[in-house]
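Participant: Show me how the following folds:
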Amino acid sequence: MMCHNLNRLARRAPCESMVAAGDFSKDAKRHTMARIVPAILFSLCFALSSASVNAADTPAQSKPDDQPELKVINLAVYPAPIPRPAMKYHLLPRYADQTPGNAALLYDTVLMQIAWEQGIRDEQSRGLKDEKELEKFFTNADKLSLWLETPLAEIPKNDVRKLLDNVQPWWMDYIELASRQTECDWGLQIKGMHNPLDINIYYEHLARSLARIIAMKARLSLAEGKPEEALKSLQMGFALSQHLGQGKVPLVCYAGGSSTAGMMRDQLLDLSQLKNAPNLYWSLSNLPHPFLSFRDTVEFEESLIDRLLPQMQEAKKGQHTPEQWQKLWEDAGEKINDFPATYIDRTDHLHNDNKNEIYDPKKILTENYPKARDYLINIGWPEKEIQSMAPARVMLLHCAEIWGEMFDDYIKWLGINYSQWPNNYRNYLPLEKELKKIYKQKEIIPLSKLIPPFGAVVVRQARFEREMESLRCIEAIRLYAYSHNSKLPGSLGAIKEVPIPPNPMTGKPFSYHLEGDTAVLLADGDGRINYEYRIKIAK
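Facilitator: Reported below is the predicted structural model:
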């Protein structure tokens, strides 16, 4: 099985504990509510989103520093026909099975109970130093993550079953009901907030803990040879991932949804190795493409910056005295100085800047007014109008124009398929690095540091789509083997039963060849990590 580092390492983050019968890590005791700073938590999640394999898979091949890592995943799959009807198994609830309502209300009921029980355990364990006594209140959350990476044949089923039996049954009933609601609105009312950085997204970390429970329930069913039971759990998990990551939500929530979807996808990879596993080619083919869209999330992030620095938009239309413009300019500078260090410096490795630099608005105005004035005139603002403006308004207007130009230069690439990106942008950092370098020469205050790492969003999305399309190829191979006496296809083109998808990261067919009784499917195109699936037909 392949599990993402995001899934494995995120358990070390605050509130990332296993939520079942007191399964909260000690770190989680200090963090029930997560206070969002837009790209801070997002950066944490995406920095970890390369993938790993467990001990059953071949270790990563050694590579030069500038080459992507290659993970080898060994699979023994069984031939399987298309079920009747073809989409007997749905990985997301059908519309016919949904009911009108807001899933967030049902999720909230469970998450508030989790937070409440955690608070009780925090209080009861306060002052305890004996590790054995503490174990009564806090079970090591690493145990669950370890089991999610353990080969099916080696899972301690009794221990897993005992742990899952301690999950309150009504929690799972509510999660199943939530998965079938027609909408999910988390009620993030950013437009009405004085300070958007104060927005609470407590549910994101707690929901990912729920995702681990769901993934583990599916995994236990797989270990017990019950694929249909596992698919019921995975349907809830995929629905949760969409509810977390879709809509106008912060990027950290998009990352949580993507991480949850990755956990469920990993279980599907193991499902293909069960003797009685149904063929899910058409079920996979009819999932949304892309599975998670970041369009609304980008709009959310853009509106967040408008709320953080409203002075920039005010400069385009406002009417104030020179003294009032001066106050607005100084307030903008102070706002940037007050931003949390992790926010303003999250891309410091691209700048080599002093992390503790304080910006003096009055000094910046004195030194940079001519630069701001000339820039505005050069881009088409009437010289007479600019000359008549208060210098502080000119500075704010310069920031507004630079921000709009810079933001569009980032997000315009989000409309292009990753496979069509220039080679020098095809990774996490090159897009950010190139554009920040350009705008660092134009800006007066460090606006470029406020841009969320949108390039990472595209890479993450393309990587997940590649993983799902790899699964479709594997299911197509299982179908071919069923139709050809358990033989592997000599090429992907030899599979005529169903269409073979291209690799979303390259826009080209997946690389495929035979090595004796082993099919080798290469999922490449990533600047950081690629996969080689070595597939045998199980006897």
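Participant: Can you get me a residue count around Glu314?
Facilitator: Using other C-beta atoms under 10 Å, Glu314 has 19 other residues around it. Where C-beta positions appear, they are placed from N, C-alpha and C, glycine not excepted.
Participant: What strand or helix carries it?
Facilitator: Assigned by DSSP states H and E, Glu314 falls within helix 310-317.
Participant: who's in contact with the helix or strand following that helix?
Facilitator: With elements assigned by DSSP H and E, the helix or strand that comes after helix 310-317 is helix 322-338. Applying C-beta atoms under 8 Å, 6 or more residues apart in numbering, the external contacts of helix 322-338 come out as 308-309, 311-312, 314-315, 320, 344, 358-362, 364-365, 390-393, 395-396, 399, 445-446.
Participant: From those residues, which land in helices?
Facilitator: In this view, the contacts of helix 322-338 that belong to helices under DSSP state H are 308, 311-312, 314-315, 344, 361-362, 364-365, 391-393, 395-396, 399.
Participant: between the residues you listed, which has the most around it?
Facilitator: Result: Met395 is most packed of the ones in helices among the contacts of helix 322-338 (other C-beta under 10 Å), 29 neighbours.
Participant: ok, now how distant is that residue from Tyr359?
Facilitator: Between Met395 and Tyr359 the distance is 12 Å, computed by C-beta to C-beta, to the nearest Å.
Participant: what do you get for Pro453?
Facilitator: Computed as C-beta to C-beta, the Pro453 to Tyr359 distance reads 22 Å.
Participant: Show the residue spans covered by the helices in the stretch 151-300 of the chain.
Facilitator: Applying DSSP state H, counting those that start in this stretch to the stretch 151-300 of the chain gives helices spanning 157-165, 169-179, 202-223, 227-245, 251-271, 281-285, 295-308.
Participant: need the ones you listed in TSV with mean pLDDT and distance to Lys539, can you?
Facilitator: Output for those, formatted as TSV (pLDDT from 0 to 100; distance: least, C-beta to C-beta, whole Å):
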stretch	mean pLDDT	distance to Lys539
helix 157-165	88	24
helix 169-179	92	37
helix 202-223	88	20
helix 227-245	95	19
helix 251-271	91	18
helix 281-285	97	22
helix 295-308	81	46
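Participant: and of those helices, who's closest to Pro79?
Facilitator: helix 281-285 (12.7 Å; C-beta to C-beta).
Participant: so where's the stretch 351-500 of the chain uncertain?
Facilitator: Along the stretch 351-500 of the chain, the model assigns pLDDT under 70 to residues 351-357, 426-430.
Participant: The helix of greatest length in the chain vs helix 295-308, what angle?
Facilitator: Longest helix in the chain, counting residues (DSSP H): helix 454-483. Using axes from the mean of the first three to the mean of the last three C-alpha atoms, to 10 degrees, the direction of helix 454-483 lies 170 degrees away from that of helix 295-308.
Participant: Going by neighbour count, list what's buried in helix 454-483.
Facilitator: For helix 454-483, the neighbour count (16 or more other C-beta atoms under 10 Å) marks 454-482 as buried.
Participant: if we can go back for a sec, does anything pack onto the helix holding Glu314? Which helices or strands?
Facilitator: The helices and strands touching helix 310-317, judged by 3 or more C-beta pairs under 8 Å, 6 or more residues apart in numbering; DSSP states H and E, are helix 322-338, helix 391-411.
Participant: Tell me which of those sits most buried.
Facilitator: Most buried of the helices and strands packed on helix 310-317 by mean neighbour count (mean count of other C-beta atoms under 10 Å) is helix 391-411; its value is a mean of 21.
Participant: Report the secondary structure element holding Arg373.
Facilitator: Using DSSP H and E, Arg373 falls in helix 361-378.
Participant: Would you mind getting the angle between that helix and helix 322-338?
Facilitator: Per the same axes, to 10 degrees, the angle that helix 361-378 makes with helix 322-338 is 110 degrees.
Participant: Just give me how far helix 361-378 sits from the chain centre.
Facilitator: Its chain's C-alpha centre and that of helix 361-378 lie 39 Å apart, by C-alpha atoms, centre = their mean, to the nearest Å.
Participant: Any chance you could give me whichever helix or strand comes after that helix in PDB, C-alpha atoms only?
Facilitator: Using DSSP H and E, the helix or strand that follows helix 361-378 in sequence is helix 383-388. C-alpha atoms of helix 383-388 as PDB (Å, rounded to 0.1, in the frame of the first residue of the first chain):
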ATOM      1  CA  GLU A 383      -0.100  62.200 -14.900                       C
ATOM      2  CA  LYS A 384      -2.200  65.300 -13.800                       C
ATOM      3  CA  GLU A 385      -4.400  63.100 -11.600                       C
ATOM      4  CA  ILE A 386      -1.500  61.300 -10.000                       C
ATOM      5  CA  GLN A 387       0.400  64.500  -9.300                       C
ATOM      6  CA  SER A 388      -2.700  65.900  -7.600                       C
END
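Participant: which stretches of the stretch 51-200 of the chain have low pLDDT?
Facilitator: 51-66, 118, 120-121, 124-125, 128-142, 190-198, 200.
Participant: could you dump the helices and strands packed on helix 310-317 to TSV with distance to Glu176?
Facilitator: Output for the helices and strands packed on helix 310-317, formatted as TSV (distance: least, C-beta to C-beta, whole Å):
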stretch	distance to Glu176
helix 322-338	44
helix 391-411	37
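Participant: gap between Glu334 and Ser303?
Facilitator: Going from Glu334 to Ser303 by C-beta to C-beta gives 22 Å.
Participant: Equivalent analysis for Ala315, please.
Facilitator: From Ala315 over to Ser303 (counting by C-beta to C-beta), the distance is 18 Å.
Participant: What of Gly525?
Facilitator: The gap separating Gly525 from Ser303 is 33 Å, by C-beta to C-beta.
Participant: what's the answer for Glu434, then?
Facilitator: According to C-beta to C-beta, Glu434 and Ser303 sit 26 Å apart.
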